[in-house]
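J.: fold the following and give me the result.
(one chain, ligands or ions: 1)
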Amino acid sequence: MKKLRNYIGGEFSNSENHNWISSFNPASGLEICKIEKSDFQDVDNAVKAAKDAFDEWSSKTFKERADWLIKIAKGLESRIDEIANLESMDTGKPITIAKEVDAKRSILNFEFFAEIISDIETQEFEMRDATNIVIQKPVGVGALITPWNLPLYLLSWKVAPAIGMGNTVVCKPSELTPMTADLLMRVIDDVNLPPGVVNLIHGDGEVAGSGLVSHDGIDLVSFTGGTLTGEKVATSSAKSFKKMSLELGGKNSSIVFSDCDLERTLDDVVRAGFLNQGQICLCGSRVLIEDSIYENFKKRLVEKVDGLKMGDPFDESTEIGSLISKEHRDKVSSYVDLAIEEGGEILTGLQSGKPIGFEGGNWMNPVIIEGLSVNSRCSTEEIFGPIVTIHSFSTEQEVISIANNTDYGLAGSIWTADIEKAQRVAKSINSGMIWINTWLHRDLRVPFGGVKKSGMGREGGRWSLDFFSETMNICIKDTK
Ligand code: TXE
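T.: Take a look at the predicted model:
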């Protein structure tokens with residue numbers, strides 16, 4: 001059985017004394033590798049290695065560090081098929097998504113941040129008798145904690161700007177999906193990045209994750225994961241005033257007005273609801289439909305969702321893969337029982353059955369539910385799986401208040417031909433991001449993040465550069 005090891009100070013650990021955690025292919029249920037179950041000593045070693053590497057790395061120019069990011073991007077590019085295969089095997093997602101979304105974006109993250117850090121200029125503000133110079137300095141040692149839904153996509157989104165701005169880092173990927181984090185360490189090792197700049201510890205959240213976040217040597221925490229875990233991370237980081245960014249859950253509305261382009265909207269509302277089996281924090285898991293088109297839209301939506309092909313994740317025609325784990329599948333499917341208790345009607349998805357050859361996996365058909373109150377638990381809590389609730393509305397004011405009646409505030413989408421109306425509604429929704437007539441249309445230069453229980457802080461473009469640095473002003477008085 002393949003064993004994935006920690007990467008600390010430029011070396012893969014050769015300890016056999018560790019406990020190991022088994023990692024499974026969620027589509028088949030079969031064990032695919034073991035990872036080290038790091039303890040506090042491993043966390044401490046990794047933080048020390050990052051600290052030792054800091055002075056030299058932080059003294060390099062932006063251009064020098066950008067060159068390293070490009071080397072890493074090239075290393076990933078040469079393994080693009082391996083990234084897609086490992087990601088599909090580790091997460092159960094369809095290979096087409098692993099290729100088109102995960103693998104491509106992971107490379108692009110390094111290329112993009114290489115480009116924008118090369119353009120950083122020192123700002124100067126002249127006074128009558130002095131000059132102010134504003135510089136961006138690295139923060140120190142960063143803890144980068146990532147979840148299982150988009151493993152390398154999110155890890156690279158943090159590593160690239162963090163080291164690009166001169167920090168050194170310790171990564172802690174999800175114990176459920178360690179494969180591509182290990183691949184990134186192999187690439188980093190191959191390109192001979194200075195030892196200690198990027199370190200990685202495997203392990204669970206309780207010991208390795210919380211040990212890392214609470215370690216005195218950590219100056220900055222960038223966390224993506226569940227809201228409850230985010231709360232623990234925030235509490236522990238705040239005690240020692242660590243700089244912190246939290247990307248947490250979401251319960252996003254897809255708002256469909258009667259004047260939308262029906263065919264395009266249907267396709268994209270299905271994509272927003274069910275991409276990656278609904279396991280993306282941006283997924284539109286509540287669809288709000290203007291009452292005059294409700295019945296027709298519902299009928300067409302159910303037809304489209306019924307037509308989605310669930311099956312072998314490695315088959316290029318598969319659209320729906322498996323959920324990440326048995327525990328997660330049980331949690332997601334418990335919402336179907338809850339929906340029935342709450343008075344909902346299941347329009348599709350009750351049929352059971354697993355693809356042939358994948359009987360041990362964590363499968364679930366895409367589900368659409370109608371008839372629930374917009375205040376019901378199913379309609380307001382994050383489910384993070386292939387379940388969409390549908391509701392009708394009659395006025396702009398009504399749809400705004402429905403969209404705002406959750407504890408989350410991450411994203412959403414609006415579908416209409418009237419762009420003025422769309423912008424008016426968008427501005428009234430309490431969230432970090434809204435798409436109009438599109439969904440998950442990402443420009444890496446724009447801010448990403450949410451409000452309320454969806455987290456705090458923004459990453460993306462210059463917002464990542466700001467988060468991964470400290471801004472300092474140096475005022476020089478004229479002596480003449
Ligand atoms: O994530 P966790 P889980 C949501 C989704 C899901 C729920 C739980 O609703 O059902 O979160 O998922 C590490 N200190 N999202 O349990 O626990 C952990 O090892 C420090 C939304 O898988 O948040 C992993 O590396 N770290 C989300 C990472 O945190 C800790 C994506 C995320 O795990 C820790 C995934 C601790 N005390 C799930 N405990 C999104 N925003 O996209 C765990 N970890």
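J.: okay, CA-based contacts and neighbour counts for the rest of this
T.: OK.
J.: could you list the contact residues of the stretch 1-150 of the chain toward the ligand?
T.: Counting by CA under 6 Å from any ligand atom, the stretch 1-150 of the chain comes close to the ligand at 145-149.
J.: can you name the residue of the stretch 251-400 of the chain nearest the ligand?
T.: Cys281 (4.2 Å; CA to the nearest ligand atom).
J.: one step back: using a markdown table, lay out the residues of the stretch 1-150 of the chain next to the ligand together with neighbour count, pLDDT and secondary structure.
T.: What follows is these, written out as a markdown table (neighbours: other CA atoms under 10 Å; pLDDT from 0 to 100; DSSP: H, G, I helix; E, B strand; the rest coil):
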| residue | neighbour count | pLDDT | secondary structure |
| --- | --- | --- | --- |
| Ile145 | 25 | 98 | strand |
| Thr146 | 27 | 98 | coil |
| Pro147 | 20 | 98 | coil |
| Trp148 | 21 | 98 | coil |
| Asn149 | 27 | 98 | coil |
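J.: can I see the domain layout of this protein?
T.: Domains of the chain are assigned by automatic domain parsing as 2-248+454-475, 252-436.
J.: okay, the ones you listed in a markdown table with distance to Arg442 next?
T.: Converted to a markdown table, these look like this (distance: least, CA to CA, whole Å):
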| stretch | distance to Arg442 |
| --- | --- |
| domain 2-248+454-475 | 10 |
| domain 252-436 | 10 |
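J.: quick one, which of the ones you listed is nearest to Val446?
T.: domain 2-248+454-475 (5.7 Å; CA to CA).
J.: how far does that closest one sit from its chain's centre?
T.: 12 Å (CA atoms, centre = their mean, to the nearest Å).
J.: quick one: contacts of stretch 42-56?
T.: Stretch 42-56 is contacted from outside by 8-9, 140-141, 166-170, 194-201, 208, 211-212, 215, 217-218, using CA atoms under 8 Å, 6 or more residues apart in numbering.
J.: what comes up buried for it?
T.: 42-44, 46-54 (16 or more other CA atoms under 10 Å).
J.: what's the helix or strand for the most centrally placed residue in the chain?
T.: Nearest to the mean C-alpha position of the chain, by CA atoms, centre = their mean, lies Leu154 at 5.0 Å. With secondary structure defined by DSSP states H and E, Leu154 is part of helix 151-164.
J.: using PDB, write out the CA atom coordinates for that helix.
T.: Presented in PDB, the C-alpha positions along helix 151-164 are these (Å, rounded to 0.1, in the frame of the first residue of the first chain):
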ATOM      1  CA  PRO A 151      -8.000  19.600  -3.100                       C
ATOM      2  CA  LEU A 152      -5.100  20.900  -5.300                       C
ATOM      3  CA  TYR A 153      -7.200  23.800  -6.700                       C
ATOM      4  CA  LEU A 154      -7.600  25.300  -3.200                       C
ATOM      5  CA  LEU A 155      -4.100  24.400  -1.900                       C
ATOM      6  CA  SER A 156      -2.400  26.000  -4.900                       C
ATOM      7  CA  TRP A 157      -4.700  29.000  -4.500                       C
ATOM      8  CA  LYS A 158      -3.100  29.500  -1.100                       C
ATOM      9  CA  VAL A 159       0.500  28.300  -1.600                       C
ATOM     10  CA  ALA A 160       1.200  30.500  -4.700                       C
ATOM     11  CA  PRO A 161       0.400  33.900  -3.200                       C
ATOM     12  CA  ALA A 162       1.700  33.000   0.300                       C
ATOM     13  CA  ILE A 163       5.200  32.100  -0.900                       C
ATOM     14  CA  GLY A 164       5.100  34.600  -3.700                       C
END
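J.: quick one: contacts for the residue in the stretch 151-300 of the chain positioned nearest to the ligand?
T.: The ligand sits closest to Gly226 of the stretch 151-300 of the chain, with a gap of 2.9 Å, by CA to the nearest ligand atom. Residues near Gly226 by CA under 8 Å, 6+ apart: 248-249.
J.: farthest-separated two in the residues of the stretch 1-150 of the chain next to the ligand?
T.: Among those, the pair separated by the greatest distance (CA to CA) is Ile145 and Asn149, at 12.8 Å.
J.: what do the two both touch?
T.: With CA under 8 Å, 6+ apart as the test, Ile145 and Asn149 reach no residue in common.
J.: how many other residues sit next to Ser428?
T.: 13 (other CA atoms under 10 Å).
J.: list the contacts of Leu347.
T.: Going by CA under 8 Å, 6+ apart, Leu347 touches 302, 367-370.
J.: just these: which are in strands?
T.: 367-370 (DSSP state E).
J.: just send these back as CSV, with neighbour count too.
T.: CSV is the format used below for these (neighbours: other CA atoms under 10 Å):
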residue, neighbour count
Val367, 23
Ile368, 27
Ile369, 24
Glu370, 19
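J.: the ligand next: which of those are close?
T.: Of the ones in strands among the contacts of Leu347, not one also sits near the ligand (CA under 6 Å from any ligand atom).
J.: just the buried residues of the contacts of stretch 42-56.
T.: 8-9, 140-141, 166-170, 195-201, 208, 211-212, 215, 217-218.
J.: against which helices or strands is the helix or strand that contains Asn132 packed?
T.: Element membership for Asn132 (DSSP H and E) is strand 130-138. Packing contacts for strand 130-138, counted by 3 or more CA pairs under 8 Å, 6 or more residues apart in numbering; DSSP states H and E, involve strand 123-126, strand 469-477.
J.: pull out the buried positions in it.
T.: Applying 16+ other CA under 10 Å to strand 130-138 flags 132, 134-138 as buried.
J.: of those residues, just say which sits nearest to the ligand.
T.: For the buried residues of strand 130-138, the residue nearest the ligand by CA to the nearest ligand atom is Pro138; the value is 22.5 Å.
J.: I'd say the closest one and Gly164 touch.
T.: No. Pro138 is not in contact with Gly164 according to CA atoms under 8 Å; the separation is 9.1 Å.
J.: all strands of the stretch 301-450 of the chain, in order?
T.: 345-348, 367-370, 387-393, 408-409, 412-415, 435-436 (DSSP state E, counting those that start in this stretch).
J.: dump the ones you listed to CSV, plus mean pLDDT.
T.: CSV is the format used below for these (pLDDT from 0 to 100):
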stretch, mean pLDDT
strand 345-348, 98
strand 367-370, 98
strand 387-393, 98
strand 408-409, 98
strand 412-415, 98
strand 435-436, 98
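J.: mean confidence score for stretch 268-279?
T.: For stretch 268-279, mean pLDDT is 98.
J.: cheers, nothing more for now.
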